[in-house]
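Q: Quick one: sequence plus predicted model below, questions after.
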Amino acid sequence: MSNYLIRPIEPRDEAAVAAIIRAVMPEFGAVGDGFAINDPEVDWMHRAYSAPRSAYFVVESDGVVVGGGGVAPLSGGDGDTCELRKMYFLPQARGVGAGAAMMARCLDAARAFGFRRCYLETLCGMDAAKKLYLRSGFTPLDAPLGDTGHGGCNAFYVLDL
């Protein structure tokens, strides 16, 4: 998958993004209460990320959406902190640079929105993702920030923008 495009989500992408999230999360044991898979916005991501200081992007390969990621204000956080949210990729989009490109796009959007920090939550088993976060400059935290409602996550990171 050397040719991929990262672009803002469109309404026509909502079903594909929901399917990706619902396929990828169980792959890493993220099922049940406390995980983003249960967020109502999974089925209407375009609308959810049309809110102020929010953006969601998709990775497209040969006209097919194969991943996505976004930023939004951290729920329950201060106005300077955003959250990297719902960044998931199908297996064919992993290990080809799409994650790093998506990370850069999301962090650029966060800076443009005026955020000074970016926070994220993940699972200990998502090793490749954790390596990407560290390469991107995120540092681990001992405890969560804000009130994301994702009590199932057990690894927390922050990046000064």
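A: Great, that's in hand.
Q: Every contact and neighbour count from this point should use C-alpha atoms.
A: Will do.
Q: Average pLDDT for the helix or strand that contains R111, rounded please.
A: For R111, the host element (DSSP states H and E) is helix 98-112. When pLDDT is averaged along helix 98-112, the result is 95.
Q: ranges for the helices of this protein?
A: Ranges of helices within the chain are 14-27, 45-48, 98-112, 127-135, based on DSSP state H.
Q: Can you spell out which helices and strands pack onto the third one?
A: Yep, that's helix 98-112 we're talking about. If you count contacts as 3 or more CA pairs under 8 Å, 6 or more residues apart in numbering; DSSP states H and E, helix 98-112 packs onto strand 55-61, strand 64-73, strand 81-89.
Q: Which residues belonging to the helix holding R111 are considered buried?
A: Under the neighbour-count criterion of 16 or more other CA atoms under 10 Å, helix 98-112 has 98-100, 102-103, 105-107, 109-110 buried.
Q: Of all the helices and strands packed on helix 98-112, which one is nearest I6?
A: Comparison of the helices and strands packed on helix 98-112 against I6 by CA to CA identifies strand 55-61 as nearest, at 4.6 Å.
Q: Just the buried residues of the closest one, please?
A: If you call a residue buried by 16+ other CA under 10 Å, then strand 55-61 has these buried ones: 55-61.
Q: Contacts only, for the residue of the chain most remote from its centre.
A: Most distant residue from the mean C-alpha position of the chain: D62, 21.8 Å away (CA atoms, centre = their mean). By CA atoms under 8 Å, 6 or more residues apart in numbering, the residues touching D62 are 3-4.
Q: please begin residue numbering at 369 from this point
A: OK, 369 is where the count begins now, so the last one is D430.
Q: distance of it from Y456?
A: Computed as CA to CA, to the nearest Å, the D430 to Y456 distance reads 18 Å.
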